[in-house]
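[1] Okay, predicted coordinates and the sequence, questions at the end:
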Amino acid sequence: MKKLIYIMLASTLLFLSCEDVVDVDVPEGEPRLTVDASFEIYLNESPVTIEGYLRLTLSAPFFDDTIPPVTDATVFITNLEDNSVINFEASDDNPGFYDPVADAVVNPEFNTQYELTVIYDNETYKAKTELFASVPINSVEQGDGTLFEGDETEIIVSFADDGTRNDFYLFDFDFNLLEVSEDRFYQGEAFNFSYFYENMFSGQEVTIKILGIGERYFNYAGLLIEQSRQGDAGPFQTPPALLRGNIINTTNPDNYALGYFNLSEANRIQFTIEE
């Protein structure tokens with residue numbers, strides 16, 4: 001596929017400008033299965049709340065606006081401790097999304113391995129993970145600090161790390177704003193940090209989340225967030241470069257899938273922006 005990119009070149013010495021047309025050859029490989037399977041478990045809420053999604057799509061060329069959904073796969077999650085199975089079926093309302101069948105509930109427990117299986121186009125894809133622990137958010141308050149533009153809104157988030165383990169966190173600041181962190185520099189300590197929003201208004205509500213994640217997902221999500229900032233895509237949409245997660249094609253390893261299977265304990269707090 002060829003795309004024309006117009007690059008404006010400005011010369012500060014001659015105060016002249018010109019326009020060059022650059023022909024870019026974009027490699028276009030075979031579509032790959034992309035698996036986005038991420039669940040958040042809010043154990044501190046009563047009743048326990050489980051949120052998340054399981055979405056199957058095919059990778060699309062970088063400049064394409066449409067992402068083809070996969071609607072004819074067989075999907076299930078197996079508890080490898082007791083071999084119980086939760087089956088999923090394709091959603092009638094949201095092509096590409098898969099929901100637990102009937103009244104089945106995704107209710108993972110700590111210290112247990114879970115295996116996702118996706119059978120598509122006569123090939124079997126698998127991924128294993130476990131439920132990763134999080135910590136509560138102790139407080140969220142609005143500060144008066146700014147960054148470069150001077151009109152940002154500062155939010156100060158406080159929490160206490162669990163000193164009995166090595167933790168990795170994914171922070172969700174709403175509006176597809178994500179950051180990752182590890183406790184290497186604040187192991188077992190109370191910790192607070194500032195996050196700066198742009199274009200906020202008084203009375204606007206935001207939901208801030210802290211998710212426990214594994215080290216491998218920490219590295220994967222960090223690269224995905226970094227790549228998403230190079231363009232206009234959201235953090236977990238198709239990235240500029242192909243990032244391989246924990247999905248393995250057990251039938252044909254060369255035809256690997258993209259995406260990730262993740263289970264996170266999560267905590268959240270709502271906050272209202274002040275003047």
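    Sure, I can see it.

[2] Show me the helices in the stretch 151-275 of the chain, by range?
    215-228 (DSSP state H, counting those that start in this stretch).

[3] contacting residues around residue 264?
    Contacts of residue 264 were listed using CB atoms under 8 Å, 6 or more residues apart in numbering, and they are 38-41, 131-132, 134, 170, 211-213. For every residue, glycine as well, the C-beta is placed using N, CA and C.

[4] same question, residue 205
    Contacts of residue 205 by CB under 8 Å, 6+ apart are 270-273.

[5] Can you get me the start-to-end distance on stretch 193-204?
    Length of stretch 193-204, first residue to last, CA to CA, to the nearest Å: 21 Å.

[6] If you count neighbours, what's buried in that stretch?
    195-197, 200 (16 or more other CB atoms under 10 Å).

[7] For residue 129, grab phi and psi.
    Here the main-chain torsion angles of residue 129 (degrees, to the nearest 10) amount to phi -160, psi 180.

[8] That one bridge partners, please.
    residue 114 (DSSP bridges).

[9] can you tell me how far it sits from residue 204?
    34 Å (CB to CB, to the nearest Å).

[10] How about residue 179: which residues does it bridge to?
    Bridge pairing for residue 179 - DSSP bridges - gives residue 171.

[11] gap between it and residue 67?
    25 Å.

[12] circling back: I'd like the buried residues of stretch 193-204 laid out as a markdown table, including pLDDT.
    Listed next are the buried residues of stretch 193-204 as a markdown table, based on pLDDT from 0 to 100:
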| residue | pLDDT |
| --- | --- |
| 195 | 96 |
| 196 | 96 |
| 197 | 96 |
| 200 | 94 |
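
[13] now, which of these sits nearest residue 150?
    residue 196 (10.9 Å; CB to CB).

[14] Just list the residues touching the closest residue in space to that closest one that isn't next to it in sequence, thanks.
    What sits nearest to residue 196 in space, not counting adjacent residues and going by CB to CB, 6 or more residues apart in numbering, is residue 152, at 4.2 Å. Applying CB under 8 Å, 6+ apart to residue 152 gives the contacts 146, 196-198.
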